[in-house]
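Enquirer: model this:
(4 chains)
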Number of protein chains: 2
Amino acid sequence: MDATPRWLTSEQQAAWDSFIRMQEKLIGRLSRRVQADSGMSASDYLVLAKLTETSGGRMRFMDLAKLVEWEKSRMSHQVRRMTERGLVDKEECPDDGRGAFIVATPAGVKAIEDAAPVHVEHVRRLFIDALSQEELDMLARISDRVLAHLERQAD
Amino acid sequence: MDATPRWLTSEQQAAWDSFIRMQEKLIGRLSRRVQADSGMSASDYLVLAKLTETSGGRMRFMDLAKLVEWEKSRMSHQVRRMTERGLVDKEECPDDGRGAFIVATPAGVKAIEDAAPVHVEHVRRLFIDALSQEELDMLARISDRVLAHLERQAD
DNA sequence: CTAGTGTAGCTGATGCATCAACTAACCGGT
DNA sequence: ACCGGTTAGTTGATGCATCAGCTACACTAG
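Expert: Residues are numbered from 1 along each chain as shown, chains lettered A, B, ... in the order given. Modelled structure (predicted):
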């Protein structure tokens, strides 16, 4: 218990508020758009994108989870839902009796091929078009600094 | 249908990827922290913060919804859950038979007073400490530009 | 070989976000 | 007075994220 918490300066507070507001509005709008246009959530999109980027369109469950930095539980639920909708399949792993391969189905491949250009257009329209290349570079640099900072800390 | 989608340049793609990764990791970690420390979600925190900033700690339902830029449905569910946990109360509105006031309960006030310093510390530790004041200013400027851009567009 | 430990992945419960559809009260014009 | 449109707020369904706890297989040491 600290009796005298160190509040943020008004500049710090302003930066945080702007960032939070921007991020919420941007992500919210983008994900609603993608969902409305393609019937896929951002999570569906991400999983299918990573899967189809891989040669063979198949990946071990945990490799996929690590790649997108998700907990195994989240991935498990996600894969189950996507399996139910026919976007991916699970296959047994011959080398490891516990293991599973996740494979994009033809329908899954088609879904992401259809969704990708639309997704890119939204990203461009909502975000890229708002900023100059210098600003984009700045933002990338700042984001990388924050990321590095986060990764240095114990979770 | 555009047969030749305009993909992003590699610099644009890099900026977007960095931003998305940063934002997910930062928001995810912060919200898990706040939840673990105070038993409140970011939404609970926001609602209580806005309510208690108001003189009287009470606000009309839709005013509150507009203030935090939420849909009424989201607010309605949120208020119901918070009512069930004793953080806020609903009161009838004398001027408008449809209307409701949302009021922070004493428990709600205490909850946010306890949570606020912890919340600030996390924001500082996870985010503010990663960046210089110049970088914070940059980020605020960039965020405001994106926000303005979003607000110019039809939803 | 077997006992212990780590790893792969699943499950159920809970809370949150969005959508569509709904009720009820208000308000302005005729 | 009443009728139609608007506003206030609720509700139920569905999908997603997190947490805690679970099974089953694999690996390693003794």
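Enquirer: what pLDDT, on average, does the helix or strand encompassing residue A:102 get?
Expert: Using DSSP states H and E, residue A:102 falls within strand A:100-104. Strand A:100-104 shows an average pLDDT of 97 in the prediction.
Enquirer: list of residues touching that strand?
Expert: Residues outside strand A:100-104 that contact it (Cβ atoms under 8 Å, 6 or more residues apart in numbering or on different chains) are A:47-48, A:51-52, A:57-61, A:64, A:79, A:87-93, A:112. For glycine as for every other residue, the C-beta is placed from the backbone atoms N, C-alpha and C.
Enquirer: next one: stretch A:54-71
Expert: Counting by Cβ under 8 Å, 6+ apart, A:46-47, A:50-51, A:72, A:74-76, A:78-79, A:91, A:93, A:99-104, A:109, B:25 sit against stretch A:54-71.
Enquirer: give me the subset of those residues touching DNA strand D.
Expert: A:74, A:78 (Cβ under 7 Å from any atom of the strand).
Enquirer: buried ones from the contacts of stretch A:54-71, can you make that a PyMOL selection?
Expert: Per 16 or more other Cβ atoms under 10 Å in any protein chain shown, the buried members of the contacts of stretch A:54-71 correspond to this PyMOL selection:
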select buried, (chain A and resi 46+47+50+51+75+78+79+100+101+102+103+104+109) or (chain B and resi 25)
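Enquirer: now, the contacts of stretch A:54-71 that are in strands?
Expert: Of the positions in the contacts of stretch A:54-71, A:91, A:100-104 sit in strands, assigned by DSSP state E.
Enquirer: and those residues, which is closest to residue A:119?
Expert: residue A:104 (16.2 Å; Cβ to Cβ).
Enquirer: for that closest one, give its distance to DNA strand C.
Expert: 16 Å (Cβ to the nearest atom of the strand, to the nearest Å).
Enquirer: which residues does that residue bridge with?
Expert: In this entry, residue A:104 is beta-bridged to residue A:88, by DSSP bridges.
Enquirer: distance of it from residue B:112?
Expert: 45 Å (Cβ to Cβ, to the nearest Å).
Enquirer: flag every residue of chain A that's near DNA strand D.
Expert: Contact residues, chain A versus DNA strand D (Cβ under 7 Å from any atom of the strand): A:41-44, A:70-71, A:73-74, A:77-78, A:81, A:96-98.
Enquirer: farthest-separated two in those residues?
Expert: A:42 and A:97 (33.0 Å).
Enquirer: which of those two has more neighbours?
Expert: Of the pair residue A:42 and residue A:97, residue A:42 is the one with more neighbours under other Cβ atoms under 10 Å in any protein chain shown, namely 16 against 7.
Enquirer: residue A:33 is in contact with that one, correct?
Expert: No. The pair residue A:42 and residue A:33 fails to qualify as a contact (Cβ atoms under 8 Å) at a distance of 10.2 Å.
Enquirer: rewinding a little: closest to residue B:116 among the ones in strands among the contacts of stretch A:54-71?
Expert: Out of these, the member with the shortest distance to residue B:116 (by Cβ to Cβ) is residue A:102, at 42.5 Å.
Enquirer: quick one: the helix ranked longest in chain A to chain centroid distance?
Expert: Criterion DSSP state H: the longest helix present in chain A is helix A:10-38. A distance of 14 Å separates the centroid of the chain from that of helix A:10-38, by Cα atoms, centre = their mean, to the nearest Å.
Enquirer: tell me if that helix is near DNA strand C.
Expert: Yes. Using Cβ under 7 Å from any atom of the strand, helix A:10-38 reaches DNA strand C at A:28, A:31-32, A:35-36.
Enquirer: so which bits of that helix are buried?
Expert: For helix A:10-38, by 16+ other Cβ under 10 Å, it's A:12-16, A:18-27, A:29-31, A:33-34, A:38.
Enquirer: repeat for stretch A:83-94
Expert: Neighbour-count burial for stretch A:83-94 flags A:87-89 (criterion: 16+ other Cβ under 10 Å).
Enquirer: again, but for stretch A:59-74
Expert: Here stretch A:59-74 shows A:59, A:61, A:64-65, A:67, A:70 as buried, counting by 16+ other Cβ under 10 Å.
Enquirer: residues from chain A in reach of DNA strand C?
Expert: So chain A meets DNA strand C at A:28, A:31-32, A:35-36, A:60-62, A:65, A:72-73, A:75-77, A:79-80, A:90, A:93, A:96, A:98-100 (Cβ under 7 Å from any atom of the strand).
Enquirer: alpha carbons of the helix or strand residue A:134 falls within, in PDB - could you do that?
Expert: If you go by DSSP H and E, residue A:134 is part of helix A:133-152. Coordinates of each C-alpha in helix A:133-152 appear next as PDB, following Å, rounded to 0.1, in the frame of the first residue of the first chain:
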ATOM      1  CA  GLN A 133       5.600   7.200 -44.100                       C
ATOM      2  CA  GLU A 134       7.600   9.100 -41.500                       C
ATOM      3  CA  GLU A 135       4.900   8.700 -39.000                       C
ATOM      4  CA  LEU A 136       4.500   5.000 -39.800                       C
ATOM      5  CA  ASP A 137       8.200   4.600 -39.200                       C
ATOM      6  CA  MET A 138       8.000   6.500 -35.900                       C
ATOM      7  CA  LEU A 139       5.100   4.400 -34.800                       C
ATOM      8  CA  ALA A 140       6.900   1.200 -35.700                       C
ATOM      9  CA  ARG A 141      10.000   2.300 -33.800                       C
ATOM     10  CA  ILE A 142       8.000   3.300 -30.800                       C
ATOM     11  CA  SER A 143       6.000   0.000 -30.900                       C
ATOM     12  CA  ASP A 144       9.200  -2.000 -31.100                       C
ATOM     13  CA  ARG A 145      10.500  -0.100 -28.100                       C
ATOM     14  CA  VAL A 146       7.500  -0.900 -26.000                       C
ATOM     15  CA  LEU A 147       7.500  -4.500 -27.200                       C
ATOM     16  CA  ALA A 148      11.100  -4.900 -26.200                       C
ATOM     17  CA  HIS A 149      10.400  -3.300 -22.800                       C
ATOM     18  CA  LEU A 150       7.500  -5.700 -22.300                       C
ATOM     19  CA  GLU A 151       9.600  -8.700 -23.200                       C
ATOM     20  CA  ARG A 152      12.300  -7.700 -20.800                       C
END
